[in-house]
Each structure stands twice: as structure tokens, then as C-alpha cells.
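Colleague: make a model of this:
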Amino acid sequence: MRIDVLLDKLCLVKHRSIAKNACDKDLVLLNGEPVKPSKKVHVGDRIKIMLYGFIVECEVTEIPKGNVSKSDAQNYYKLLVRNQ
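Modeller: The predicted structure follows:
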């Protein structure tokens, strides 16, 4: 699954367009490397998001097959770091 779509489905950003813009500005790292919005994400990958003065780092534990409810979104990743 594309990283911009995954960030939106897992409710880590509000909209896919925000995820796309963040990737374009090198604010999203996948395994420590800046990525394009079309980069594929796999189980075990680490995502670091630096938006609005917050830093969130998580590890993908499962790739969703379709849409994910907001309450179930946390079942697909493990939160590693959350700073303000």
C-alpha cells in the first residue's frame, strides 16, 4: 500500500493530501529515509512523521485490506515515539 494512503487510513493524518504534501516536503521518513508519496509500505517498516511541531514514530504491524474505522486504526501499528 502507498505510504500516503496508509497514513490516511490509519488516521495518522487527517487527509491523504496532507500526507502527500508532507512526503513531498521530506517530513515523512520510512526506515530513516525520506520517501515519495507513492512508496510502498510493508509490515515491519518504521514510519516517522514530523508535522505541526509533533513527531510520531510507529512500526507497521499489519497492512489493512480496505477502509479502517478510527477505533480499529491502532491495531495496525505500534506507536514507538510521540513527542510534542
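
Colleague: can you map out the strands along this structure?
Modeller: Along the chain, the segments classed as strands by DSSP state E run 28-30, 33-34, 46-51, 54-60, 77-83.

Colleague: listing partners with orientation, what would you give for the third one?
Modeller: In the sheet containing strand 46-51, its partner strands are strand 28-30 (antiparallel), strand 54-60 (antiparallel), by DSSP bridges.

Colleague: what angle sits between the biggest helix by length in the chain and strand 46-51?
Modeller: Identified as the longest helix of the chain according to DSSP state H is helix 16-24. Angle of helix 16-24 versus strand 46-51, following axes from the mean of the first three to the mean of the last three CA atoms, to 10 degrees, is 100 degrees.

Colleague: would you mind writing the CA trace of helix 16-24 as CSV?
Modeller: Backbone C-alpha positions of helix 16-24 (Å, rounded to 0.1, in the frame of the first residue of the first chain) are rendered in CSV as follows:
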residue,chain,number,x,y,z
ARG,A,16,-4.4,11.9,2.1
SER,A,17,-3.5,15.3,0.6
ILE,A,18,-1.8,16.3,3.8
ALA,A,19,0.2,13.0,3.8
LYS,A,20,1.2,13.6,0.1
ASN,A,21,2.4,17.2,0.9
ALA,A,22,4.3,16.0,3.9
CYS,A,23,6.1,13.4,1.8
ASP,A,24,6.9,15.9,-0.8
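
Colleague: list the contacts of the nearest residue to residue 11 once chain neighbours are set aside.
Modeller: Once flanking residues are discounted, residue 11 sits nearest to residue 73: 4.5 Å by CB to CB, 6 or more residues apart in numbering. The way it works is simple: take the backbone N, C-alpha and C, and place the C-beta from them, glycine included. With contacts taken as CB atoms under 8 Å, 6 or more residues apart in numbering, residue 73 has the following neighbours: 9, 10, 11.
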